[in-house]
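S.K.: Just to be clear, the model below is a prediction. Sequence and coordinates:
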Amino acid sequence: MHTSTLYDIPVSNHGARVRYLLYKKGLENDVQIQSPGKLGGLKSPEYTGLNPQGKMPLLVDDEFAVWEADAICRHILDKHATGPSFLPATLEARSTSEMLCRLHDAYIGPIQGAMYRAPPGVFGKFISRRAAIDELLEQLKVAESLAHPTGPYLTGPDVSLADATLMPTMVFFLHILPKYAESAPAPTAEPLDAAAGALGPRLLKWWVHMSQVDAEAMRVIEELKGGLDKWDEQGRWDTLLGAGVRDAEPPTIFDMILSGKIPSEIVYEDDVAIAFKDIAPAAPTHCLVIPRRRDGLSGLGAATGEHAGVLGHLMVVAAQVAKEQGLEDFRVVTNCGPSAGQTVPHIHLHVIGGRDLTWPPG
Ligand code: AMP
């Protein structure tokens, strides 16, 4: 008879970690799985009374509510001795499992939404979707360095919480990351071909085991894929920069300045932006601030929530350039469209000063 209820849905990534544990330990008769809809949905008073975060998954064991996938997994392992312990035999393997779980929950989980969420406010400390995705790829390299060389599980011969924790997110990585490749992969590419591009040899070997040998992992992977296939059908990627939306505009003279093909007097540069002196100054001081990656920002009129971080950064750089050029009073202008005076279709802020400026501008 069921003594506990897991509130979760098959496509949920964090819940998938718990489902793998339940399937692997043969606990489906002990823990029933129900949709949060049964309690009126994630934000209902009944649900938030049990999980104040209003998130999935939630385990209710008799009257006791446990939330956060890792805490739920540990509760289940503590309570049910049947099946695999998810604790590898050696201390080294157990600690490696802990490191992989923390790596996932502290460094990957909080930014994985950058692969699929719509802006604004989804890139956290990263300036753009691309920057967050680059960081996800870096974290995958860290996971590769921790993974066991021969496996078949992440820490060696025994299944551990690391496998349960990383496996669901890997389904997301392998399905979604190829969409962000600079040149989009062939639509017919086999999932493992796509995996080979994103994963190192250890993670790839592990993934072959999880997706082709481990029956319970295969079941969870199928559940998750169902949700991701629906996203594809519903056109989820059509508006996301780097996945569906690409910068297809021709290069401009600013690309030649950025690559150093033509000289310019650079007054500021960082990872995101550069500033250089305008070749035809309209005032004693006249600099241009541009993003290194245009990412569709041919002019301000093309701005979307995807660009909020970069646009904010350009303004901060403009202020810094003005200061460094010794300007106390200055004007920042961006022309958008030919009749507003735009001649280069790569967004740029003019920083102008050093003389009295009239208003309104012509
Ligand atoms: P806009 O007319 O607002 O599109 O601004 C384009 C600016 O780019 C103009 O002020 C030009 O003088 C400037 N510009 C064009 N080519 C160069 C170049 N090679 N180096 C520096 N500034 C340039």
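M.R.: That came through, no problem.
S.K.: if I pick residue 213, what's in contact with it?
M.R.: residue 152 (Cβ atoms under 8 Å, 6 or more residues apart in numbering). All C-beta atoms are positioned from the backbone trio N, CA, C, and that covers glycine.
S.K.: do you know how far it is from the ligand?
M.R.: 58 Å (Cβ to the nearest ligand atom, to the nearest Å).
S.K.: so how far is residue 59 from that residue?
M.R.: According to Cβ to Cβ, to the nearest Å, residue 213 and residue 59 sit 28 Å apart.
S.K.: for residue 311, same thing?
M.R.: 43 Å.
S.K.: and those two? which has more neighbours close in?
M.R.: residue 59 (25 against 15; other Cβ atoms under 10 Å).
S.K.: Please identify the pairing partners of the one helix or strand the more buried one maps to and their relative orientation?
M.R.: Element membership of residue 59 [criterion: DSSP states H and E] is strand 58-61. Next to strand 58-61 in the sheet, as set by DSSP bridges, lie strand 4-7 (antiparallel), strand 64-67 (antiparallel).
S.K.: and the next helix-or-strand element following the last one, C-alpha only, in CSV?
M.R.: Using DSSP H and E, the helix or strand that follows strand 64-67 in sequence is helix 69-79. Extracted as CSV, the C-alpha positions of helix 69-79 are listed here (Å, rounded to 0.1, in the frame of the first residue of the first chain):
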residue,chain,number,x,y,z
ALA,A,69,14.9,16.8,-5.0
ASP,A,70,18.1,16.1,-3.1
ALA,A,71,16.4,16.2,0.3
ILE,A,72,13.6,13.9,-1.0
CYS,A,73,16.1,11.4,-2.4
ARG,A,74,18.0,11.3,0.9
HIS,A,75,14.7,10.9,2.8
ILE,A,76,13.7,7.9,0.6
LEU,A,77,17.2,6.3,0.9
ASP,A,78,17.1,6.8,4.7
LYS,A,79,13.7,5.2,5.0
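S.K.: Off-centre distance for helix 69-79?
M.R.: With Cα atoms, centre = their mean, to the nearest Å as the basis, helix 69-79 stands 26 Å off its chain's centre.
S.K.: which one is the residue in the stretch 101-250 of the chain that the ligand sits nearest to nearest to, not counting chain neighbours?
M.R.: Going by Cβ to the nearest ligand atom, the ligand is nearest to residue 249 of the stretch 101-250 of the chain, at 13.7 Å. Excluding the flanking residues, the one nearest residue 249 by Cβ to Cβ, 6 or more residues apart in numbering is residue 298, at 5.2 Å.
S.K.: What's the local residue count around the one you found?
M.R.: By other Cβ under 10 Å, neighbour count at residue 298 equals 19.
S.K.: what pLDDT does it get?
M.R.: At residue 298, the pLDDT value in this model is 97.
S.K.: Tell me the buried residues in stretch 73-90?
M.R.: Under the neighbour-count criterion of 16 or more other Cβ atoms under 10 Å, stretch 73-90 has 73, 75, 76, 77, 80, 86, 88 buried.
S.K.: next one: stretch 141-153
M.R.: 143, 146, 147, 148, 151, 152, 153.
S.K.: now, among those, which is nearest to residue 100?
M.R.: residue 146 (5.5 Å; Cβ to Cβ).
S.K.: now that closest one: how far from residue 167?
M.R.: On the measure of Cβ to Cβ, residue 146 and residue 167 end up 15 Å apart.
S.K.: Please apply the same query to residue 274.
M.R.: As judged by Cβ to Cβ, residue 274 and residue 167 stand 42 Å apart.
S.K.: Compare these two (neighbour count), which wins?
M.R.: Set side by side, residue 274 and residue 167 show more neighbours around residue 167, with 24 against 20, by other Cβ under 10 Å.
S.K.: Can you check the pLDDT for that one?
M.R.: Residue 167 is given a pLDDT of 97.
S.K.: How about the one 4 residues further on?
M.R.: Taken from the predicted model, the pLDDT recorded for residue 171 is 94.
S.K.: what do you get for residue 193?
M.R.: On the pLDDT scale, residue 193 is placed at 62.
S.K.: Around the ligand, pick out the residues from the protein.
M.R.: By Cβ under 6 Å from any ligand atom, the residues of the chain that approach the ligand are 253, 262, 264, 276, 278-280, 288, 335, 341-344, 348.
S.K.: taking those one by one, which sit in strands?
M.R.: Among the residues of the chain next to the ligand, DSSP state E puts 276, 288 in strands.
S.K.: and the residues of the chain next to the ligand, which are buried?
M.R.: By neighbour count, with 16+ other Cβ under 10 Å, the residues of the chain next to the ligand hold 264, 276, 278, 288, 335, 342, 348 as buried.
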